[in-house]
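Peer 1: give me the fold of what follows.
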Amino acid sequence: MKILFLSHDSHLHGATRSMLDLAEEFSNKGHEAKVILPTGGLAENYLKNKHIPFKKVFYPLFIQYGKEDKLKTQFKKLYSAFRHLPILVSYIKEYNPDIIYINTSVNYWLLILSFFYKKPIILHLREFGKEDHAVFKNFKGLMFNLLKKRATLYLSNSRAIQQYYQEKYQIKSYLLYNGVFKRETFIQNSTLKKINLKVRQPLLVWLVI
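Peer 2: Next up, the predicted model:
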């Protein structure tokens, strides 16, 4: 199965790291995973080390930082953003994935492109917006609301996010936390954590005394 992962940034923060873990796990299981990054960054180095193919294709996010821009400014940004679409379209056409995965709700270009490519699209909801990152969806979320039905499946990384999008946008989603491990890895990490706690406990008691 060919899976295309679309990242909203090229850092190794929570959302991107979670997406890269998924891409690596699918790749390890014999699937053909490819990633699109908007710029170069730590994620680029990570993918090189894991031998996961990727391309850098710049595309702006559908958000505003700090405060909402005037409508005229938002339309200018939207018009400017469409100039970058042909490269993104050509790469999707070249790769021809079976499934497209979008790693956050601040980047939903592929919901627009879904009118041209009849491929299943998974969108991972990870943020409230204003409440946790001080960002606003363009046009007060109207565009996102109009395009929401273009996604085949929604995932949420917490019950709070799941409830928020259910109430605000009437989106039903499945719960999938950021940390996704194989059972063996989970057991190994849990064992190491217990060992570390046993080692550190006497030191913590001594510091308190």
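Peer 1: what pLDDT does the residue sitting nearest the centre point of the chain get?
Peer 2: By C-alpha atoms, centre = their mean, the chain has its centre lying nearest to residue 103, at 1.6 Å. For residue 103, the model assigns a pLDDT of 87.
Peer 1: and if you look at residue 179?
Peer 2: At residue 179, pLDDT is 62.
Peer 1: returning to what we had before: which residue comes closest to the residue nearest to the centre of the chain once chain neighbours are left out?
Peer 2: Among residues not flanking residue 103 along the chain, residue 19 sits closest, at 4.0 Å (C-beta to C-beta, 6 or more residues apart in numbering). Yep, even glycine has a C-beta here, placed from its N, CA and C like the rest.
Peer 1: which element is that neighbour on?
Peer 2: Under the criterion of DSSP states H and E, residue 19 resides in helix 14-28.
Peer 1: so for that helix, what gets flagged as buried?
Peer 2: 15, 16, 17, 18, 19, 20, 22, 23, 24, 26, 27 (16 or more other C-beta atoms under 10 Å).
Peer 1: do the same with stretch 113-129
Peer 2: Using 16+ other C-beta under 10 Å as the test for burial, stretch 113-129 gives 113, 114, 119, 121, 122, 123, 124, 125, 126, 127, 129.
Peer 1: now do the contacts for the fourth one.
Peer 2: Right, the one you point to is residue 121. 99, 100, 101, 102, 110, 111, 114, 150, 151, 152, 153 (C-beta atoms under 8 Å, 6 or more residues apart in numbering).
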